[in-house]
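Visitor: quick one: sequence and predicted model below, then my questions.
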There are 2 protein chains.
Amino acid sequence: MSVQNRKSKQRDRILELLRSERSHLSAVTVFDRLKTDFPSLSLGNVYRNLNILVEREEAVRLRINDVSDVFEAKREPHAHFICMTCGAVEDIRIPDELTVPIAAWAEQNTGASIRYPKIDLVGICPRCRATAGA
Amino acid sequence: MSVQNRKSKQRDRILELLRSERSHLSAVTVFDRLKTDFPSLSLGNVYRNLNILVEREEAVRLRINDVSDVFEAKREPHAHFICMTCGAVEDIRIPDELTVPIAAWAEQNTGASIRYPKIDLVGICPRCRATAGA
DNA sequence: GTATCTGCAAAACATTTGCCCTTTG
DNA sequence: CAAAGGGCAAATGTTTTGCAGATAC
């Protein structure tokens, strides 16, 4: 949408927050965390800036399991583990040797050119497994 | 939520539609397609039944790229190819030899038990590649 | 100075829910 | 007939947008 962007304190802080957090944040969470530093911050502006960051490829939008999207700063490719019991999301770095063959296979079988695989591993985290007898 | 379900013409037709369609359908699309046969059908009821079907594991909810969720009938495990240009979604069946090692690797490295991998391959479909010079 | 950014509030969607009537078993 | 299902409309939750004033360059 926007071709040219100026600097903005709010947007800088949003990106900084995404970068410093290990977990994935929803727009509302970002809003809550920054309200202290920017008392006049508006949720609409958080959405606007998250969209700009995604557009610029400085952040990534994830649609996991919840009702709202979550965002993370862009970094090296990685997959997500998702606990089907507690909903926790954890980053995992799968070796390329395992993922490259899948993309290659898909290219051959679909005729499409694959840019990247998006892999979610769904299961039960150690803690939830300990709690309930799953 | 519901423990016991009776039969319902509407729900049966929704599942039948999901099974017969090759593509993934949003609640609104399901609603539109069935309005002819059930003129009094309500969108709320489509949502209710889609949720019941997902709960019963007769259907699967997908959050791909769009604003609304889409649904498909449950069948053998498969991945999705997603065209980043036109948004088309296509099913692909990746051989187990390629996916099993990923789950195994993740189990070892996270301590979690993996139930299934959810794999989206994002790229550009042959048609879009032909149209634009991507 | 002007284009971009912001806050605010309203709007636009997507989805869920309560109520009361209809259907199923 | 009792319990589950459906239609309708209102409620909820998320994300986008129009506008008027503030800010960056």
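Guide: That came in fine, so what should we check first?
Visitor: how close does A:Leu17 get to A:Leu41?
Guide: Between A:Leu17 and A:Leu41 the computed distance is 12 Å (Cβ to Cβ, to the nearest Å). Glycine gets a C-beta too; all of them are placed from N, C-alpha and C.
Visitor: which residues of chain A fall in strands?
Guide: With DSSP state E as the criterion, chain A has strands at A:25-26, A:59-62, A:70-73, A:79-83, A:89-92, A:113-124.
Visitor: tabulate these in CSV, adding columns for mean neighbour count and distance to B:Asp96.
Guide: Conversion of the strands of chain A to CSV gives the following (neighbours: other Cβ atoms under 10 Å in any protein chain shown; distance: least, Cβ to Cβ, whole Å):
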stretch, mean neighbour count, distance to B:Asp96
strand A:25-26, 19, 35
strand A:59-62, 18, 26
strand A:70-73, 21, 30
strand A:79-83, 21, 18
strand A:89-92, 17, 20
strand A:113-124, 19, 15
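Visitor: what would the ones you listed look like in CSV with mean pLDDT and distance to DNA strand C?
Guide: CSV is the format used below for those (pLDDT from 0 to 100; distance: least, Cβ to the nearest atom of the strand, whole Å):
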stretch, mean pLDDT, distance to DNA strand C
strand A:25-26, 96, 15
strand A:59-62, 95, 14
strand A:70-73, 96, 15
strand A:79-83, 94, 18
strand A:89-92, 92, 19
strand A:113-124, 94, 18
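Visitor: between those, which gets nearest to A:Ile102?
Guide: In terms of Cβ to Cβ, the element of the strands of chain A nearest to A:Ile102 is strand A:113-124, at 5.9 Å.
Visitor: could you tell me the angle between the closest one and strand B:79-83?
Guide: Inter-element angle recorded for strand A:113-124 and strand B:79-83: 140 degrees (by axes from the mean of the first three to the mean of the last three Cα atoms, to 10 degrees).
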